[in-house]
Every structure is written in structure tokens, then in C-alpha cells.
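Trainee: coordinates only, no sequence provided:
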């Protein structure tokens, strides 16, 4: 019996964006900022712009789980925004460096096992 490969939908996979403005005016605030940023990196986020990080998630369930993890380590001061967009929406983003348009980030081609 031959199994059909399910058709990929750009509406199931999500990109989770973390945008933040955190204070760094004291050593305690800088430690909280560093801890949060390191947690983003260990959770698989990549820096898209200054204080804007993104992570590809295979499903909305996974994106919600990652949001839960981040909520536990958010600093008490400052502002953090988490935004979920579909793969299709993310792919329509236009990215410019100066006046030159560059390609939008691509989702990982395969899962990385640790």
C-alpha cells in the first residue's frame, strides 16, 4: 500500500515573533534582558532585527507551547509582544536593506534533533 504524502499548507505552520523593549538602566535590568534573550536563542529563535526575533513552528500548538515557556521567563519591567503569523503571511513580507529588496527568511528545511 502506497501512502500519499499530505499536501503542505502554508496556513498550518506558524512563525512566532518576539518583539521587546526592555530596560537596561541597571545591572539587575541588564541581567533580566540577557536572561530573556538567551532563552529566546535556546528556544530556537533567530534575530531578525534589533529586539525582534522569530521562530518557525510546525503548528499553532507548538507556537502556543513556546509562548507559555517565554511567559515564564519574561522580565517584570519593559514590554514584550508575541505575534503569530502563518507561513503564508510571513512569506509575503517584504524585506529591504537600504533600497534593495532581499529575500524573506525561509523556514528550516528539516527538523534538527538535539
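Mentor: Arrived safely. Remember, it's a predicted structure, so these values are computed and weren't measured experimentally.

Trainee: where do the helices sit along the chain?
Mentor: Here the chain has its helices, by DSSP state H, at 27-42, 60-73, 87-91.

Trainee: for the second one, name the packing helices and strands.
Mentor: In this structure, helix 60-73 makes packing contacts with strand 14-21, helix 27-42, strand 52-57, strand 79-86, judged by 3 or more Cβ pairs under 8 Å, 6 or more residues apart in numbering; DSSP states H and E. C-beta coordinates here come from the backbone N, C-alpha and C atoms, glycine included.

Trainee: in the second one, what's buried?
Mentor: Pointing back at helix 27-42 there. 29, 32, 33, 36, 37, 39, 40 (16 or more other Cβ atoms under 10 Å).

Trainee: where does the chain dip in pLDDT?
Mentor: For the chain, the stretches with pLDDT under 70 are 1-10, 109-114.

Trainee: at the geometric centre of it, which residue sits there?
Mentor: residue 54 (2.4 Å; Cα atoms, centre = their mean).

Trainee: was I right about that residue contacting residue 104?
Mentor: No: taking Cβ atoms under 8 Å as the definition, residue 54 is not a contact partner of residue 104, at 10.4 Å.

Trainee: need the overlap of contacts for the two.
Mentor: Contact criterion Cβ atoms under 8 Å, 6 or more residues apart in numbering; residues bridging residue 54 and residue 104 by contacting each: residue 90.

Trainee: make a markdown table from the helices of the chain and add distance to residue 79 to it.
Mentor: Output for the helices of the chain, formatted as a markdown table (distance: least, Cβ to Cβ, whole Å):
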| stretch | distance to residue 79 |
| --- | --- |
| helix 27-42 | 12 |
| helix 60-73 | 13 |
| helix 87-91 | 22 |
